[in-house]
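**Student:** One predicted model, sequence on top.
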Amino acid sequence: MKNYILYDTEVRNALKPFTFTRPVSEIRCGILTITEKWNRLLNTTCSFKTEEYLRQKYPLHLSDENVWINSSVFPTKELIDVITNLTENSSLYCGDLWIATCANELQNKDCQKQEFSGEVRQLQHLWNIFQMNPSEIDSDFEIVTKGRKSQPISETNRVICPENVFIEEGASVEFSIINARGGKVYIGKDAEIWENAVIRAPFAMNEHAVVKMSAKIYEGTTIGPYSKVGGEVQNSVIIGYSNKGHDGYLGNAVIGEWCNLGADTNNSNLKNDYSEVKIWNYASGKFEKTGLQFCGLMMGDHSKAAINTMFNTGTVVGVCSNIYSAGFPRNFIPSFTRGGSQGIEENLFSKAVETAKRVYARRHKDFDDVESAILAKVFEETRQNRQF
C-alpha cells in the first residue's frame, strides 16, 4: 500500500508568517486545509516532510512505497487518478512545477519524468490564499457534502437558493439572511449564526465557529473552527481559533490561529491612489509587487490587535506580535514585537508564552512543550527582523 507524504518545497518561505508555525499543507483555503483535501481524496492520512522543528507536531512516516507530494499543490480528481497510478521511481511534473514522486527516497536521480497536462492549482504567495478561497469553497463543498443530506434550514431565515446551502448536525442558524445564488454555503458542526447576520456565498464556517449578531459577511470568506466573527468581513480566511468579535472591517485578508482583533479594528485593502499593492516577502527580505489592487492584512499565529487598531493596505504581521496605539503601524510588523505607529519593541518570549497558555486554556486546550518549542524556534529565526 502506498504511503503519501506532503513535502514542503521552497515555496514555504514565501508563505510565511503562516508557515512559521505549520507545514504549507496545513493552511486553510476553502472549507478544508490542503492536508484535509489530500486525505479525503486519497482516502488516507498523509504525513509531512517539513522543517525539523515542526516534526514532533507534524511527523513524517516512511514505508517501502512512498509517494512524495508537493504540499502547496491542491488535489483534483484528475491529479489523484494520475498520482495513485504512479509507478516506482517516477515523477510527475506540470512544466517546471514538480507535483509528485513515487520512490523510497525523494532525491532519487533515476526517476522517470511524467508530464501532467491538466489544471494545477498551487499556493505560491500569501495573497493566493484569499484569491483562491471562493473557488476552493465551492470545490470543497462537493467533497465534504457528497452523498450526504443537509440539516433543515430554520424557517426563521431568509435564504436564496437553499439547494446551495449545507448545514451540519448541531449547527444553529436563526433570523438571518443567506444569499447562496453566487456559490456554496457550508455551515459546520455545532456552528452558530446569530440573529440579523447577512451572508453572501461562497461562504464557509467550520465546526464551533460563530457569526455574531448583525454581521455582514461578503463572498469568498472562510471562518475556521472555533473562531468568532462580527462586523464586516469580505473575501478573507480565518484559519482557526481566532476572534474578530466586534464591528470593524476585514477585507482581502488572512488571519492565522490564536489571533484576536479588538473592537473597531479595521484594515485597508485599497490604496488611496488605487495603485498596485506591495507586500513583505520573507523569502526575499523585501517588499514585492502583488499585481493586486485589493490586498489587506496577513497576520501570523498568536498575534493580537487592540481596540481601534488601523492596518494599512498590504500589512504583514508576524507571530506573537501585539499591536496597539493610535495611527497606522508599519506595513511589516516582525514576530515577537509590541507597539504601533509610535514605534515597536521586542515582545519578551516569556510574555508571549504566558499569553498563549491563557488563550489555549480558554479553548480547553493545553499549550504544551511541543507548542512552546515551536515558538522558541520562531523567536530565534526571526531575531534579525527585530534589529530596530
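**Tutor:** Cool, the structure landed. Numbering: from 1, shown residues only.
**Student:** show me where the chain has helices.
**Tutor:** 11-14, 34-42, 77-84, 128-145, 349-362, 369-381 (DSSP state H).
**Student:** For residue 285, which of these is the nearest?
**Tutor:** Residue 285 lies closest to helix 11-14 among the helices of the chain, at 9.9 Å (CB to CB). Backbone N, C-alpha and C define where each C-beta goes, glycine included.
**Student:** Could you export the closest one as PDB, keeping only the C-alpha atoms?
**Tutor:** Provided in PDB are the C-alpha atoms of helix 11-14 (Å, rounded to 0.1, in the frame of the first residue of the first chain):
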ATOM      1  CA  VAL A  11       7.500  28.000  -1.500                       C
ATOM      2  CA  ARG A  12       7.300  27.600   2.200                       C
ATOM      3  CA  ASN A  13       9.400  30.700   2.700                       C
ATOM      4  CA  ALA A  14       7.100  32.900   0.600                       C
END
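**Student:** what mean pLDDT would you report for that helix?
**Tutor:** Across helix 11-14, pLDDT averages out at 97.
**Student:** Buried residues of that helix, list them for me.
**Tutor:** Neighbour counts using 16 or more other CB atoms under 10 Å place 11-12, 14 of helix 11-14 among the buried residues.
**Student:** Now residue 86. Nearest residue, chain neighbours left out?
**Tutor:** residue 102 (3.9 Å; CB to CB, 6 or more residues apart in numbering).
**Student:** and what of residue 20?
**Tutor:** residue 378 (4.7 Å).
**Student:** Next, the contact list for the one you found, please.
**Tutor:** Residue 378 makes contacts with 20-21, 319-320, 335-336, as judged by CB atoms under 8 Å, 6 or more residues apart in numbering.
**Student:** Identify the bridge partners of the residue nearest to residue 117 when sequence neighbours are not counted.
**Tutor:** Spatial nearest neighbour of residue 117, chain neighbours left out: residue 94 (7.6 Å); criterion: CB to CB, 6+ apart. With DSSP bridges as the criterion, residue 94 is bridged to residue 97.
**Student:** residues touching residue 94, list them.
**Tutor:** 115-118, 120.
**Student:** try residue 183
**Tutor:** 134, 137-138, 164, 201-203, 219.
**Student:** still on that earlier bit, please flag which of the contacts of residue 94 sit within strands.
**Tutor:** Members of those lying in strands (criterion: DSSP state E): residue 115.
**Student:** re the thing from before, correct me, but the residue nearest to residue 86 touches residue 87?
**Tutor:** Yes - assessed by CB atoms under 8 Å, residue 102 is found in contact with residue 87 at 6.5 Å.
**Student:** ok, these two, which is more surrounded?
**Tutor:** The neighbour comparison of residue 102 against residue 87 (other CB atoms under 10 Å) goes to residue 102, with 25 against 8.
**Student:** Now do the residue nearest to residue 86 against residue 121, distance only.
**Tutor:** Distance check for residue 102 against residue 121: by CB to CB, to the nearest Å, it reads 21 Å.
**Student:** between the contacts of residue 183, which has the most around it?
**Tutor:** residue 203 leads these on contacts (other CB under 10 Å) with 30 neighbours.
**Student:** That one: what's it in contact with?
**Tutor:** With contact set as CB under 8 Å, 6+ apart, residue 203 has these partners: 137, 178, 183-186, 217, 219-222.
**Student:** that older thread, confidence score at the residue nearest to residue 20?
**Tutor:** So residue 378 comes in at 98 (pLDDT).
**Student:** Give me the number of neighbouring residues for the closest residue to residue 74 other than its chain neighbours.
**Tutor:** Nearest residue to residue 74 in three dimensions, chain neighbours excluded: residue 121, at 4.1 Å (CB to CB, 6+ apart). Residues near residue 121, counting by other CB under 10 Å, number 16.
**Student:** What confidence value was assigned to residue 121?
**Tutor:** At residue 121, pLDDT is 96.
**Student:** got it, and residue 388?
**Tutor:** pLDDT at residue 388 comes out at 73.
**Student:** Filter the contacts of residue 94 down to the buried ones, ChimeraX style.
**Tutor:** Buried residues among the contacts of residue 94 (16+ other CB under 10 Å), as a ChimeraX selection:
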select :116,120
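**Student:** can you tell me which of the contacts of residue 94 lies nearest to residue 66?
**Tutor:** Of all the contacts of residue 94, residue 116 has the smallest distance to residue 66: 19.2 Å, by CB to CB.
**Student:** wait, isn't that closest one in contact with residue 98?
**Tutor:** No - taking CB under 8 Å as the definition, residue 116 is not a contact partner of residue 98, at 10.5 Å.
**Student:** Before I go, just wanted to say thanks for your time.
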